[in-house]
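In: For reference, the sequence and a predicted model appear below.
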Amino acid sequence: MVYKLEHYQELAERMIKDDEMRDLANRRYDDMDHVHWIPDAKLQKLWWFRSSPSTDPHDAISAGVRVLSALDEKVTLQPLAANPETKKTANERERVLKWVMAQVNKRRQGTVQRSVVRSALKYDEVVAQVIDLDYQIKNKEALGAKTKREKVARRYGRFLVNTYHPNEVHVQYSNMMPEAVLLVQEKKAIDVMREYGDAASELKKKAEDNANVILYEYWDYDDHVVWTTDKQGGGENEIVRAEHELPFLPWVARVGGDIMESKQEHRRRPLLYAVAQSREWETQNVVKSLRVSEVIGNFASAKLAEEGPMPVDSRTTEVDAGDLGIVADVTPGNTLRPLPQNTMDPALREVDDMISGAISKSTVAAVLQGADIPAGTAFATLNLATQTAVGSLKPAKELAEHALADIYSMFMMWAEFTGIDIIGYGKSKDNMGQEYAIKADEIDPEKIYLNVELKPDVPLDRMQRANTAMMMVQSGIYSKERALDEMGVSDPEQVMKEVIFDQLLQAQLANIIQMQQMEAQMAVQQQQQQQQMGMEMMQQQLAGAPGGNGFNPEMGGLPPQMAAPGATREGVTGEDMMGNEAPFGMGGF
């Protein structure tokens, strides 16, 4: 049932009022992250005072974002049956979802993962809207709005994920889930008209004046209401007020903290909560500024004192700092005495170090912020310190993982509602360009069991996971596929296929090399056999000749004459005893 606009306006007013303390706290977190600090007015009046705010909160947030969002997250879609075919389908759906998120990130200034992690760390809350551009184009055409921008955006992919600052979104949470979402933004009237077309025609005059308006967009599980007001309040313009047909709320809203806290402002526990509550950052800023200002003030103080009988009025002392040193032209009769220089107050340095250590302890340890590791630090010590530091990010890590899982799940819920399949493509070397699809008619919204794991970008963590998985495989406790899953590999089955393919390729290459070696060895053996046969033939010929070993008495053979008993000396030599050529008939062969 759709109520009058006044009902939603009153509801919006209550939702905004309930979040006043939350919004105030979030602004403080923003100031710390943006290093925005205004010193006390009394300090600003001192000419030597220089503001020097600490960057520790900003460094802690940046380190947390880098550690949790630098590596690709692992998406796991649980199969609904224990058979290879269902498992294969689940793996293919995971590839499609990863492809869709990659396309979503292409149109953004920063990735969805980075925005979600930062919001979880800094505000302990994540709010995002998941839009199906195909559905939005159809609705805007029905409203008479132009859809050229959406059609251009469609080229980058079907889905759009808008992440918002929590102060712009007010959510009604129950013990079960988010019940209603209110988006409040200051926008140009012309931009509102572009988005809602003829439904926002009453804003034409304000659009011509280039005026800004406050846009209110309310969603619950039944109604969708949009209206605007002037910046000063009043001047309401209703744009949309109707029941929507979606079977779900197209928003992702996740909040961490502790629901047991009685006060709303203490339920959220972001990374900087303790620093903000203790005012440590403001104290640290004063101390650091005084340390810097002390150096400046000491540098500008007097360094020389003139002494002597000459009166003050007749002093003509001049000090010239030239390239070769300081030259002092002192009033005759007087002398210059150097004054002792002030040193930095060690108490300020101790307080600064103490507060900096306390902030590091309650946020992100220095080991994750790139601090220098002392030489000779044992590996076990460094590993323990790193794992402990990563553990401090666990609450924000879990919140971000749940929010990302909701976003991935909503892709599938949109597909089931619209009846349009989700298409994705393979990106690895063995399935590059292969098309995969999540069939819309095969999606059951009540059976989407999807988990997301953020893998910390810590080398020691990856090494420890790999060593543990290897030990489990060697001991027979884990299969190789289970070990890959524990290591954080997003698609163990695909990796196993790649390993098997690589092993087969190596085996085939080894066979080719072995065959070539055998062929070369056979060729050498044939050549040796041929050489051996030739030598044997020569030996046989030599053995059968008169001069061979077989007719050499010294080698145990017969006399040469036995080879040709009828031969004469003249017949063998071809000469007579006088050396003349013997006639053919004289005992020749």
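Out: Ah, there it is.
In: Any stretches of the stretch 51-200 of the chain with poor pLDDT?
Out: Along the stretch 51-200 of the chain, the model assigns pLDDT under 70 to no residue.
In: Helices of that one, start to end?
Out: All helices of the stretch 51-200 of the chain, identified by DSSP state H, counting those that start in this stretch, fall at 56-69, 84-106, 112-123, 133-143, 148-154, 189-196.
In: residues contacting Ser392?
Out: Counting by C-beta atoms under 8 Å, 6 or more residues apart in numbering, Ser392 makes contact with Thr363, Val364, Ala365. Using the backbone N, CA and C atoms, a C-beta is placed for each residue, glycine as well.
In: And these, which is closest to Pro84?
Out: Val364 (43.2 Å; C-beta to C-beta).
In: coming back round to it: wait, which of the helices of the stretch 51-200 of the chain is closest to Val351?
Out: Of all the helices of the stretch 51-200 of the chain, helix 56-69 comes closest under C-beta to C-beta, at 14.0 Å.
In: Report the angle between that closest one and helix 112-123.
Out: 140 degrees (axes from the mean of the first three to the mean of the last three C-alpha atoms, to 10 degrees).
In: Go ahead and name everything in contact with helix 56-69.
Out: Helix 56-69 is contacted by residues 32-35, 111, 113-114, 116-118, 121-122, 271-272, 275, 281, 284, 356, 359-360, 363-364, 368-370, 390, 393, 396-397, 400, 454, 456-458 when judged by C-beta under 8 Å, 6+ apart.
In: Return the distance of that helix from the chain's centre.
Out: Helix 56-69 has its C-alpha centroid displaced from the chain centroid by 12 Å (C-alpha atoms, centre = their mean, to the nearest Å).
In: Please renumber the chain so that the first residue is 837 from this point on.
Out: Sure, I'll start counting at 837 from here, so that last one is helix 892-905.
In: What residues of it count as buried?
Out: For helix 892-905, the buried set under the neighbour-count rule, 16 or more other C-beta atoms under 10 Å, comprises 892-893, 895-905.
In: List just the nearest of these to Glu1186.
Out: Looking across those and measuring by C-beta to C-beta, the closest to Glu1186 is Asp892, at 16.4 Å.
In: Quick one: end-to-end distance for stretch 1106-1123.
Out: With C-alpha to C-alpha, to the nearest Å as the measure, stretch 1106-1123 spans 25 Å from end to end.
In: And that stretch, how far out from the chain middle?
Out: Distance of stretch 1106-1123 from the chain centroid (C-alpha atoms, centre = their mean) equals 29 Å.
In: average pLDDT across it?
Out: The predicted model assigns stretch 1106-1123 a mean pLDDT of 91.
In: Likewise for stretch 1359-1373?
Out: Averaging pLDDT along stretch 1359-1373 gives 82.
In: can you check stretch 1283-1303 too?
Out: Across stretch 1283-1303, the average pLDDT comes to 76.
In: returning to what we had before: take the helices of the stretch 887-1036 of the chain and write them to a markdown table, including distance to Pro1145.
Out: Compiled in a markdown table, the helices of the stretch 887-1036 of the chain are given as follows (distance: least, C-beta to C-beta, whole Å):
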| stretch | distance to Pro1145 |
| --- | --- |
| helix 892-905 | 56 |
| helix 920-942 | 81 |
| helix 948-959 | 68 |
| helix 969-979 | 92 |
| helix 984-990 | 87 |
| helix 1025-1032 | 81 |
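In: ranking those helices by burial, who's on top?
Out: helix 948-959 (a mean of 25; mean count of other C-beta atoms under 10 Å).
In: So which residues make contact with that one?
Out: 862, 865-866, 869, 897, 900-901, 904-905, 909, 937, 940-941, 944, 961-964, 997, 999, 1001-1002, 1090, 1092, 1104, 1106-1108, 1229, 1232-1233, 1235-1236, 1239-1240, 1243, 1290.
In: Tell me which residues touch the closest residue to Val1007 other than its chain neighbours, please.
Out: Sequence neighbours aside, Ala1089 is the residue nearest to Val1007 in space, at 4.6 Å (criterion: C-beta to C-beta, 6 or more residues apart in numbering). By C-beta under 8 Å, 6+ apart, Ala1089 lies in contact with Glu961, Val962, Val963, Val1005, Val1007, Tyr1009, Pro1014, Val1017.
In: before we move on, back to that, which of the contacts of helix 892-905 fall in helices?
Out: Assigned to helices by DSSP state H, the following of those qualify: 868-869, 949-950, 952-954, 957-958, 1111, 1117, 1120, 1192, 1195-1196, 1226, 1232-1233, 1236.
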